[in-house]
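**Student:** The following block contains a protein sequence and its predicted model.
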Amino acid sequence: MPKLALITCSAPEIQKLRRARVLNFQQITMPYLAARVPTGWDVIHFDEETDAIDWDIQADVVGITFHTPSAPHAYAIADRFRARQVCVALGGPHVTLMPAEASAHADAIFIGEAEGVWEEFLTRFETRSFRRVYQRADVPSLEKIPMARRDLFHRRDGTSGALFATRGCPFQCDFCTVAVMYRRTPRRRPIDQVAAEYASFKGRVIIFWDDNIAGDLQYAKNLFRAIAPYRKWWSSQASIHAGHDEEFLELAARSGCKQLFLGLESISQASMTRARKGFNRVDEYARVIARIHSHGIAVQAGIVFGFDQDTPDIFKDTLDFLEAAGVQNATFNILTPFPGTPLYRQLETEGRILTRDWRKYNSRGDVVYQPKQMRADELLAGLRYANARFYSLPSIAKRLARSPVQIGWTLPLNLAYAFQWWNTTEKFPRGAHEHAPKSERHNERPIFNDLF
């Protein structure tokens, strides 16, 4: 029986950055691909967030999926297995963005989506007649997607399961890799099949790993009607359109939605317009958040710092807004020009790319391009200031006091994020205070050491 080892790759540097998160949800690419493996194969999954790779495993094929900042680490893994004459297949976002680079470290690569061609590769492997490059000429249908291999979920992330209902996003923001990966062709799984997988999870808390659960509002509403009887809690990410549709929010709440990750990105309208995300109307943010809150749904704001229109004032202004709006949680990122995106091409043309060391394309610990209106170290310090202020006790108290959403779970989650931040992150490195407003500069000693 041939043996297949699947690896969800996560470089040590990325794992270190992710320790600041409380929830590190189960990645589902490999469990779904495992469900498509032809009969007769023995399949094992190593998720580097939880598992050490068994280097002595007698595998016939090793499949590795990875994002850009884990690329050098993934290549080292691939090279090590190939040195033992093990066949290595590479796929995932970075392979789609940089196929020629990835091909130098693989026996086969998968560009874009793997449904259909993945099965072909494994079948032809047994006769050693497989191709070096697999790329579908069309986009695969999401009809009859088999349920993910639940036995290959390894993370203890506080959820009962993860799945997806849709793939892709109808929009094409300059900095986003989703449009590159999925060719701007959003697709939907049949609702009855999604509902069946949703119902099959034994626990109560579910994650939808959709790129944009609000990409097709009518589909989403029908999905919410279908899953409501199962009385579970769920969360997903959505574009701001979710907050404009009362029926969407009402049905989402009835079906068990407890939180939406909302891609606000920036409180600068000029930044949103320049990034081809002008449908994000900054002057409507507060009303949208209030409307979502009115349905008992918490908001986790996705924020990006470093657009060309951003000055050092953007950090305080953003935090002021998030606190005034009573946002429950936020994820702060540094603008990162991933290869293959319009943003990367623009910055490369302008000579502003500072490094092509993919390990630094992590959106949190490094700045890889020259910002326009601040220094790179100012941008990094501003990100640290935003995290430190947002997850300080005064900010938590202010935000949750202004939120109508039940604090029974939002308060413990905020405190857990705060504890993780202050115990896993370098506190305000030298110079970081200089980029915070004078009235808000902390002492060198982190305030949480005094309060806990």
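**Tutor:** Yes, it's here.
**Student:** Let me see the residues that make contact with whichever helix or strand Y344 is part of.
**Tutor:** Using DSSP states H and E, Y344 sits in helix 342-349. Outside helix 342-349, the residues that touch it by Cβ atoms under 8 Å, 6 or more residues apart in numbering are 174-175, 275-276, 335, 337-338, 353, 369. For the C-beta atoms, the positions are set from N, CA and C on the backbone; glycine is no exception.
**Student:** tell me how far the helix or strand that it is followed by is from the chain's mean position?
**Tutor:** For helix 342-349, the following helix or strand on the C-terminal side (DSSP H and E) is helix 376-390. Centre-to-centre, helix 376-390 and its host chain are 20 Å apart (Cα atoms, centre = their mean, to the nearest Å).
**Student:** now swap in stretch 334-349 and tell me
**Tutor:** With Cα atoms, centre = their mean, you get 18 Å for stretch 334-349.
**Student:** care to break the protein down by domain?
**Tutor:** 3-135, 150-451 (automatic domain parsing).
**Student:** Determine which two of the contacts of helix 342-349 are furthest apart.
**Tutor:** The most widely separated members of the contacts of helix 342-349, counting by Cβ to Cβ, are R276 and I353 (19.9 Å).
**Student:** Neighbours of L322, how many?
**Tutor:** Using other Cβ atoms under 10 Å, L322 has 27 neighbouring residues.
**Student:** SS state for G63?
**Tutor:** Under DSSP: H, G, I helix; E, B strand; the rest coil, G63 falls in the strand class.
**Student:** Which pLDDT does the model give it?
**Tutor:** On pLDDT, G63 comes in at 98.
**Student:** which ones are touching it?
**Tutor:** G63 is in contact with 4-7, 30, 33, 88-91, counting by Cβ under 8 Å, 6+ apart.
**Student:** so which of those comes closest to F46?
**Tutor:** I7 (4.9 Å).
**Student:** Doesn't that closest one lie inside a strand?
**Tutor:** Yes: I7 sits within a strand when classified using three-state DSSP.
**Student:** so it makes contact with T65?
**Tutor:** Yes: if you go by Cβ atoms under 8 Å, I7 and T65 touch, sitting 7.4 Å apart.
**Student:** what's the overlap in contacts for the two?
**Tutor:** Counting by Cβ under 8 Å, 6+ apart, the common neighbours of I7 and T65 are M30.
**Student:** ok, and for stretch 183-197, which residues are buried?
**Tutor:** Neighbour counts over stretch 183-197 (16 or more other Cβ atoms under 10 Å) mark 186-189, 191, 193-195, 197 as buried.
**Student:** which residue sits farthest out from the middle of this protein?
**Tutor:** Residue farthest from the centre of the chain, counting by Cα atoms, centre = their mean, is T127 at 37.3 Å.
**Student:** quick one: secondary structure of that residue?
**Tutor:** Secondary structure for T127, judged by three-state DSSP, is coil.
**Student:** need the contact list for it.
**Tutor:** Applying Cβ under 8 Å, 6+ apart to T127 gives no contacts.
**Student:** try E246
**Tutor:** Residues in contact with E246 (Cβ under 8 Å, 6+ apart) are R291.
**Student:** Report pLDDT for it.
**Tutor:** Per-residue confidence (pLDDT) for E246: 97.
**Student:** ditto for the one 4 residues further on
**Tutor:** Predicted confidence (pLDDT) at E250: the value is 98.
**Student:** Pretty sure it sits against H295.
**Tutor:** Yes: judged on Cβ under 8 Å, E250 makes contact with H295 at a distance of 6.3 Å.
**Student:** Alpha carbons of the helix holding Y344, as CSV, please.
**Tutor:** This file holds the C-alpha atoms of helix 342-349, laid out as CSV (Å, rounded to 0.1, in the frame of the first residue of the first chain):
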residue,chain,number,x,y,z
PRO,A,342,-0.9,44.4,-8.3
LEU,A,343,0.6,45.9,-5.2
TYR,A,344,3.9,44.0,-5.6
ARG,A,345,4.2,45.0,-9.3
GLN,A,346,3.6,48.7,-8.4
LEU,A,347,6.2,48.7,-5.6
GLU,A,348,8.7,46.7,-7.7
THR,A,349,8.3,49.2,-10.6
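**Student:** And it, what's buried?
**Tutor:** For helix 342-349, burial by neighbour count (16+ other Cβ under 10 Å) applies to 342-344, 346-347.
**Student:** same check, this time on stretch 298-308
**Tutor:** Within stretch 298-308, the residues that count as buried by 16+ other Cβ under 10 Å are 298-301, 303-308.
**Student:** would you turn those into TSV with secondary structure, distance to R389 and pLDDT?
**Tutor:** Compiled in TSV, the buried residues of stretch 298-308 are given as follows (DSSP: H, G, I helix; E, B strand; the rest coil; distance: Cβ to Cβ, whole Å; pLDDT from 0 to 100):
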residue	secondary structure	distance to R389	pLDDT
A298	strand	19	95
V299	strand	18	96
Q300	strand	17	95
A301	strand	14	97
I303	strand	12	98
V304	strand	17	98
F305	strand	13	98
G306	coil	18	98
F307	coil	20	98
D308	coil	24	97
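**Student:** circling back to that earlier point, model confidence over the helix holding Y344, on average?
**Tutor:** Regarding helix 342-349, the rounded mean pLDDT is 97.
**Student:** one step back: for E250 and H295, indicate the residue with more neighbours.
**Tutor:** Taking neighbours as other Cβ under 10 Å, E250 and H295 compare with H295 leading, 19 against 14.
**Student:** From P2, how far out is the residue farthest from the centre of the chain?
**Tutor:** Shown here: T127 relative to P2, a distance of 12 Å by Cβ to Cβ, to the nearest Å.
**Student:** what sits against A59?
**Tutor:** Contacts here follow Cβ under 8 Å, 6+ apart; on that basis A59 touches 3-5, 44, 81, 86.
**Student:** typo on my end, it should be L97
**Tutor:** Taking Cβ under 8 Å, 6+ apart, we find L97 in contact with 68, 177, 180, 338-340.
**Student:** which among those residues gets closest to G326?
**Tutor:** Lowest distance from G326 to those (Cβ to Cβ) belongs to T177, with 31.0 Å.
**Student:** quick one, what contacts that closest one?
**Tutor:** Contacts of T177 (Cβ under 8 Å, 6+ apart): 93, 97, 338, 340-341.
**Student:** And those, which is closest to S392?
**Tutor:** Proximity of the contacts of T177 to S392 (Cβ to Cβ) peaks at F338, which lies at 31.1 Å.
**Student:** Could you give the number of residues near the closest one?
**Tutor:** Neighbourhood size, F338 [other Cβ under 10 Å]: 22.
**Student:** Can you tell me how far it is from E323?
**Tutor:** The gap separating F338 from E323 is 30 Å, by Cβ to Cβ.
**Student:** Same question for Y75.
**Tutor:** As judged by Cβ to Cβ, Y75 and E323 stand 43 Å apart.
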